[in-house]
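Novice: structure for this input, please:
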Amino acid sequence: MSRYTGPSCRLCRRAGAKLFLKGDRCYSEKCAMARRNTVPGQHTQRRGKFSEYGLRLHEKQKLRRIYGMTERQFERFFEKASRMPGQKGHNFLQLLERRLDNVVYRLGFASSRAQARQLVAHGHITVNGRKLDIPSALVRVGDVVAVAPGSKDIPVIRENMEVASARSIPEWLELQPERMEGRVISLPSREQIDVPVNEQLIVEFYAR
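Specialist: Residues are numbered from 1 along each chain as shown. Just a heads-up that it's a prediction; the model follows:
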């Protein structure tokens, strides 16, 4: 499947906001947004004003890049959210948060969603005691997401867990660090989804 392989910090500078694509670097002084918060390119540019369409496109692209999804995947998730009862925007964000790679990232097993996706694809994560190597799989309330028994000694996972202990785990998840496992205790509310986007603009983009 196609994926973006270019510089991650360029995407943050283009979006004009931290997308937290490079793990711990995004929290340090080395973050590109802290050092050079300008539009990427050979010549320094000022961010111009967006048109109505451009504003909605910009918001959609920002959310898609946060979760590291292709355009086709992103649209498929939005279509699924549109068929669900309730607010489309909230349903959409809730589906994105329930992706297995995102849950692995939120629990602190990985320092970024890209790294979480790699851990899942390589078979280092189990759901309810069984290996699951599909990053886009959706978790449900009551599911137990854990590091596979044979992967608990991997240095990068242990380092991530040590760093994650200093950060807060979302309230809709429960983590047991000593067992390297977490549980989904509820579906995330909008207040518990800390992504810097206006989901209504994305709904309006697809409704055009």
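
Novice: which strands and helices sit next to the helix or strand hosting residue 53?
Specialist: Assigning secondary structure by DSSP states H and E places residue 53 in helix 52-67. Helices and strands touching helix 52-67, by 3 or more CB pairs under 8 Å, 6 or more residues apart in numbering; DSSP states H and E, are helix 8-15, helix 71-82, helix 199-207. All C-beta spots, glycine's among them, are computed from the backbone N, C-alpha and C.

Novice: buried set for the longest one?
Specialist: If I follow you right, that is helix 71-82. For helix 71-82, burial by neighbour count (16 or more other CB atoms under 10 Å) applies to 74, 77-78, 81.

Novice: residue ranges with poor pLDDT in the chain?
Specialist: Across the chain, the ranges flagged by pLDDT under 70 are 1-48, 164-167.

Novice: and residue 73, how far from residue 97?
Specialist: Distance of residue 73 to residue 97, given as CB to CB, to the nearest Å: 15 Å.

Novice: right, I mislabeled it, should have said residue 55
Specialist: 24 Å.

Novice: where exactly do the strands run in this protein?
Specialist: 125-127, 130-131, 144-147, 173-176, 181-184 (DSSP state E).

Novice: now render the ones you listed as TSV, adding distance to residue 112.
Specialist: Output for the strands of the chain, formatted as TSV (distance: least, CB to CB, whole Å):
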stretch	distance to residue 112
strand 125-127	15
strand 130-131	22
strand 144-147	16
strand 173-176	17
strand 181-184	17
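
Novice: list the residues that contact the residue nearest the centre of the chain.
Specialist: The centre of the chain sits closest to residue 67, judged by CA atoms, centre = their mean, with a distance of 3.8 Å. By CB atoms under 8 Å, 6 or more residues apart in numbering, the contact list for residue 67 reads 74, 96, 99, 102, 113.
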